[in-house]
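Participant: I'll drop the sequence and a predicted model, then ask my questions.
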Amino acid sequence: MIVASWNCRGAGNRCFPRTVKDIVYKLQIDVLCLMETRISGTRADGVIRKLGFSNWIRLEASGFARGIWVLWNEDSMHVDYICSSTQIIHCKIVDVKHNESFFATFVYGETSPQKRIPLWLSLKAIAEATEEAWLVIGDFNTFLDTTDKMGGSLANHGAMENFADCIREVELFALPIEGEKFTIIVVNDGQRTPQGKYSKRLFRYQSAWSLEESFKEVVYSSWDNVEWCEGARKFEKAALSWNDTVVGNIMKKKKQVIHRLEGIDRVRQNNVNGCNGETGTPNSSMLPLRYSTEDNELKRFKMIMGTGSRTRRS
């Protein structure tokens, strides 16, 4: 059985359902908890129905913050709701295939140390009432050791002590980490501005890349015999470099193609207006031989950019 949690930082993106389905399929997840979904009500219901799960428990988001979803398929798992608060969902999970059960508390802690105090009290109360196996999983918005954090603001040692005290009192222990310790990737091209600060270059995958044969080698070489996160970092750097040298500026290329096609259309219109003989057929010898090639190129760029053309068709 695999139970997973993910702070998705918003579930409203139209690509989100497909992303979740891919993760669930690849990792064979049985119970999934999504945190900080930032949507609620009928919109949340609509997104959840696209994720491929038959059952769910939802803790509503507060405005554009918070939100906890627990999702599973009833044919293989039973999840019985017990209680919840603004920071937890507590339930009992039964593995139907193996006839095993345990308690699980899914956590999304407040960002403020003061507001996390009710979370520690809730966990202590649950511990006193629980004698069976108990899993606590999620995002506590704090950590036990400074090595568990990379970058950002300085560590709040008082908040760390509160977390450690709670873990010790309820007699929980941390599961060992396998694979990458940090899974959040920030892309930075390493260039400094005149003010001495690093400038960030956001990474965006371009559909045009998949049309280039040489792009396959960029993908293969990035993930060759490395962990996924390390491969992702290598891919981002390699793809940006490859894009600069091979693809170039797609919008600029598109404008150039459209400009050429507009000129070709003007020639075609003139030829149509000056027909040969009584049949009314245009003088084909006057038509640009490059028209077919240019038209295919325009179609390629229309597919890439998802926009219409300003050129006319007779």
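Facilitator: Sure thing, it's come through. Residues are numbered from 1 along each chain as shown.

Participant: buried residues, stretch 148-156. List them.
Facilitator: Buried residues in stretch 148-156, counting neighbours by 16 or more other Cβ atoms under 10 Å, are absent. Placement of C-beta: from N, CA and C, glycine included.

Participant: that stretch: how far from the chain's middle?
Facilitator: Remark: stretch 148-156 is offset 23 Å from the chain centroid, using Cα atoms, centre = their mean, to the nearest Å.

Participant: so which helix or strand takes in S101?
Facilitator: strand 100-108 (DSSP states H and E).

Participant: list the helices and strands that strand packs on?
Facilitator: If you count contacts as 3 or more Cβ pairs under 8 Å, 6 or more residues apart in numbering; DSSP states H and E, strand 100-108 packs onto strand 3-7, strand 31-35, strand 68-72, strand 88-95, helix 117-129, strand 134-139.

Participant: could these go into CSV alongside mean neighbour count and distance to L51?
Facilitator: As requested, these are arranged in CSV below (neighbours: other Cβ atoms under 10 Å; distance: least, Cβ to Cβ, whole Å):
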stretch, mean neighbour count, distance to L51
strand 3-7, 17, 12
strand 31-35, 25, 8
strand 68-72, 24, 6
strand 88-95, 19, 17
helix 117-129, 16, 26
strand 134-139, 17, 18
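
Participant: of all those, which lies closest to F235?
Facilitator: Comparison of those against F235 by Cβ to Cβ identifies strand 3-7 as nearest, at 20.7 Å.

Participant: any chance you could list what contacts the helix or strand following the closest one?
Facilitator: On the C-terminal side of strand 3-7, the closest following helix or strand by DSSP H and E is helix 16-27. By Cβ atoms under 8 Å, 6 or more residues apart in numbering, the surrounding residues in contact with helix 16-27 are 2, 4, 6, 8, 10, 29, 32, 34, 47, 50-52.

Participant: correct me, but I82 touches K92?
Facilitator: Yes. I82 is within contact range of K92, at 6.3 Å (criterion: Cβ atoms under 8 Å).

Participant: who touches both of those two?
Facilitator: Residues touching both I82 and K92 by Cβ under 8 Å, 6+ apart: F103.

Participant: show me what counts as buried in the strand holding S101.
Facilitator: Buried residues in strand 100-108, counted by 16+ other Cβ under 10 Å: 103-108.

Participant: can I get these in JSON lines including pLDDT and distance to L123?
Facilitator: As requested, the buried residues of strand 100-108 are exported to JSON lines (pLDDT from 0 to 100; distance: Cβ to Cβ, whole Å):
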{"residue": "F103", "pLDDT": "95", "distance to L123": "12"}
{"residue": "A104", "pLDDT": "95", "distance to L123": "12"}
{"residue": "T105", "pLDDT": "96", "distance to L123": "7"}
{"residue": "F106", "pLDDT": "96", "distance to L123": "12"}
{"residue": "V107", "pLDDT": "94", "distance to L123": "8"}
{"residue": "Y108", "pLDDT": "94", "distance to L123": "13"}
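
Participant: correct me if wrong: G158 contacts I117.
Facilitator: No. Counting by Cβ under 8 Å, G158 stays clear of I117, with 11.5 Å between them.

Participant: ignoring the adjacent residues along the chain, who's closest to W56?
Facilitator: In space, and not counting its chain neighbours, W56 is closest to L71: 4.5 Å by Cβ to Cβ, 6 or more residues apart in numbering.

Participant: list the beta-bridge partners for the one you found.
Facilitator: L32, W56 (DSSP bridges).

Participant: do you know how far it is from I88?
Facilitator: 16 Å (Cβ to Cβ, to the nearest Å).

Participant: same question for W56.
Facilitator: In this structure, W56 and I88 are 16 Å apart, going by Cβ to Cβ.

Participant: which residues of the stretch 51-200 of the chain score low on pLDDT?
Facilitator: Along the stretch 51-200 of the chain, segments meeting pLDDT under 70 span 63-64, 151-152, 179-200.

Participant: could you redo the buried residues of strand 100-108 as CSV and give each row distance to I167?
Facilitator: Shown next, in CSV, are the buried residues of strand 100-108 (distance: Cβ to Cβ, whole Å):
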residue, distance to I167
F103, 16
A104, 16
T105, 13
F106, 16
V107, 12
Y108, 17
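
Participant: low-confidence bits of the stretch 201-314 of the chain, can you list those?
Facilitator: Within the stretch 201-314 of the chain, the segments meeting pLDDT under 70 span 201-202, 207-208, 248-254, 271-314.

Participant: helices along that one, start to end?
Facilitator: Remark: helices assigned in the stretch 201-314 of the chain by DSSP state H, counting those that start in this stretch are 215-222, 228-242, 250-273, 291-305.
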